[in-house]
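Asker: just coords:
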């Protein structure tokens with residue numbers, strides 16, 4: 001951490017509730033002012049993280065995010081506003097922080113973190129908070145923090161559940177690879193855009209991450225080093241799991257290709273782009289069956305005209321196989337979901353049952369981007 005500056009009169013008034021806490025006091029507040037935190041992502045987790053770190057008096061915050069604000073973000077990404085839709089997330093977050101606390105220096109990195117820039121970016125900060133929502137980014141952030149010796153505050157959410165921990169606080173602390181040595185199988189953990197998420201969940205988990213970051217910086221309390229906090233919001237239960245360093249875990253020696261590391265191994269299958277599918281549908285062909293394997297709830301948000309809803313769960317259970325066998329006798333089956341993962345799994349299951357089908361690459365997300373921009377995105 002950098003040399004500790006003094007608190008101004010305005011700051012003493014702003015942080016008065018911290019200053020009267022014996023555990024924090026002037027010394028702890030000066031540690032916060034002298035500290036720097038890099039937040040990777042300014043979305044659901046990043047929103048409360050950034051707001052409360054700035055409000056707490058962090059001296060310098062870096063925001064890494066190359067994404068733009070979308071309407072569907074606003075259900076949970078509360079640092080952004082309706083007027084910001086279509087604009088840079090990183091700049092939107094920075095503007096809100098400046099309005100909240102002008103004493104906080106904000107550095108905007110308007111691009112995504114990757115293996116080429118991670119070490120340089122992370123190396124310039126005292127602590128890292130992971131606000132991402134995908135496995136390649138989580139492994140990349142973890143490995144860069146391990147190589148640089150930086151503590152990492154981890155959080156993740158899905159549907160009504162969340163997890164929080166502190167990794168790599170000391171050389172003997174567990175890291176993300178002790179929690180998840182290898183990426184999960186494809187479709188084992190669907191993304192929030194596929195499975196959905198209760199809007200308050202990222203707020204809850206992001207607040208816990210901010211709490212841990214403040215504790216690590218000020219040196220107070222007992223942080224979640226070696227512990228994983230698991231939150232079930234539906235039952236409102238908090239469980240704690242012990243994390244230990246795996247003595248057989250390979251050492252992190254360098255950054256790798258994390259997209260390739262997390263890439264699922266999928267069987268070969270026929271696929272078609274949404275542009276090609278559009279041409280087929282417009283050709284007037286009567287021997288085409290477009291099957292939507294998303295959930296009924298997703299289909300109510302947006303659907304491709306003429307598609308038949310047969311949820312993946314009914315294919316996995318075998319319940320829909322008779323219907324699909326009937327379709328395949330007279331039609332060529334094309335299968336889509338939101339992004340292409342669930343439909344690929346459905347095509348594989350159909351192949352195993354002797355039913356030929358074609359996967360629609362990119363799913364309804366690609367359809368809304370490339371064919372029908374007016375379609376509701378979620």
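Answerer: Happy to help now that I have it. Source: prediction; values computed, not measured. Residues are numbered from 1 along each chain as shown.
Asker: which stretches of the protein have low pLDDT?
Answerer: Low-confidence segments of the chain (pLDDT under 70): 1-4, 186-190, 265-267.
Asker: how about a cut-off of 50?
Answerer: For the chain, the stretches with pLDDT under 50 are 1-2.
Asker: pick out the residue closest to the middle of this protein.
Answerer: Centroid check for the chain by Cα atoms, centre = their mean gives residue 133 as the closest residue, at 1.2 Å.
Asker: quick one: residues contacting that one.
Answerer: 41, 43-45, 156-157, 191-192 (Cβ atoms under 8 Å, 6 or more residues apart in numbering). C-beta here means a position set from N, CA and C on the backbone, and glycine is covered the same way.
Asker: out of the residues you listed, which sit inside helices?
Answerer: Mapping these onto helices (DSSP state H) picks out residue 192.
Asker: just the buried ones out of the contacts of residue 133, please.
Answerer: 41, 43-45, 156-157, 192 (16 or more other Cβ atoms under 10 Å).
Asker: quick one: contacts of stretch 195-206?
Answerer: 43-49, 52, 75-78, 131, 155-164, 231, 233, 297.
Asker: give the buried residues for it.
Answerer: By 16+ other Cβ under 10 Å, the buried positions in stretch 195-206 come out as 196-198, 200-206.
Asker: if we can go back for a sec, closest to residue 106 out of the contacts of residue 133?
Answerer: Nearest to residue 106 among the contacts of residue 133: residue 41, at 14.8 Å, using Cβ to Cβ.
Asker: that closest one reaches residue 130, doesn't it?
Answerer: Yes. Using Cβ atoms under 8 Å, residue 41 makes contact with residue 130 at a distance of 7.4 Å.
Asker: which residues are common contacts for these two?
Answerer: With Cβ under 8 Å, 6+ apart, residue 41 and residue 130 have common neighbours residue 137.
Asker: longest helix in the chain, please.
Answerer: The chain, longest helix under DSSP H: helix 200-218.
Asker: moving C-terminal of that helix, what's the next helix or strand?
Answerer: Sequence-wise, the next helix or strand downstream of helix 200-218 (DSSP states H and E) is strand 227-232.
Asker: tell me who's in contact with residue 229.
Answerer: 163-165, 208, 238-240 are the contacts of residue 229 under Cβ under 8 Å, 6+ apart.
Asker: how close does it sit to residue 238?
Answerer: 6 Å (Cβ to Cβ, to the nearest Å).
Asker: could I get the phi/psi values of the nearest residue to residue 316 once chain neighbours are set aside?
Answerer: Leaving aside its sequence neighbours, residue 316 sits nearest to residue 349 (Cβ to Cβ, 6 or more residues apart in numbering; 6.7 Å). Main-chain dihedrals, residue 349, degrees, to the nearest 10: phi -70, psi -40.
Asker: picking up where we left off before, tell me which of the buried residues of stretch 195-206 is nearest to residue 21?
Answerer: Set against residue 21, the nearest of those by Cβ to Cβ is residue 206 (21.8 Å).
Asker: residues of stretch 254-272 that come out buried?
Answerer: 255, 258, 262, 269, 271-272.
Asker: of the contacts of stretch 195-206, buried ones?
Answerer: 43-49, 52, 76-78, 131, 155-158, 160-164, 231, 233.
Asker: residues in contact with stretch 113-127?
Answerer: 1, 35-38, 40, 60, 62, 64, 109, 111, 128, 137, 140-141, 144-145, 147-148, 150-153, 213, 216-217, 255-258.
Asker: change it to 6 Å
Answerer: 1, 35-38, 40, 62, 64, 128, 140, 144, 148, 150-151, 255 (Cβ atoms under 6 Å, 6 or more residues apart in numbering).
Asker: now which of those would you call buried?
Answerer: 35-38, 40, 62, 64, 128, 140, 144, 150-151, 255.
Asker: reformat the residues you listed as TSV; add distance to residue 353 and secondary structure.
Answerer: Listed next are the buried ones among the contacts of stretch 113-127 as TSV, based on distance: Cβ to Cβ, whole Å; DSSP: H, G, I helix; E, B strand; the rest coil:
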residue	distance to residue 353	secondary structure
35	57	coil
36	56	strand
37	51	strand
38	49	strand
40	42	strand
62	51	strand
64	45	strand
128	46	strand
140	38	helix
144	44	helix
150	49	coil
151	50	coil
255	42	coil
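Asker: after the helix or strand encompassing residue 106 comes which helix or strand?
Answerer: Taking DSSP H and E as the definition, residue 106 sits inside strand 105-109. Proceeding C-terminally, strand 105-109 gives way to helix 118-123 as the next helix or strand, assigned by DSSP H and E.
Asker: buried residues, that next one. List them.
Answerer: By 16+ other Cβ under 10 Å, the buried positions in helix 118-123 come out as 118-119, 121-122.
Asker: in the strand holding residue 106, what counts as buried?
Answerer: So for strand 105-109, counting by 16+ other Cβ under 10 Å, buried means 106-109.
Asker: what's the answer for stretch 61-74, then?
Answerer: 61-65, 68-69, 73.
Asker: and those, which of them are in strands?
Answerer: 61-64 (DSSP state E).
Asker: nearest spatial neighbour of residue 172, chain-adjacent residues omitted?
Answerer: Leaving aside its sequence neighbours, residue 172 sits nearest to residue 245 (Cβ to Cβ, 6+ apart; 6.8 Å).
Asker: count of neighbours near that neighbour?
Answerer: Neighbour count for residue 245, taken as other Cβ atoms under 10 Å: 13.
Asker: what helix or strand is it located in?
Answerer: Judged by DSSP H and E, residue 245 forms part of no helix or strand.
Asker: backbone phi and psi for it, please?
Answerer: Torsion angles, degrees, to the nearest 10, at residue 245: phi -70, psi 130.
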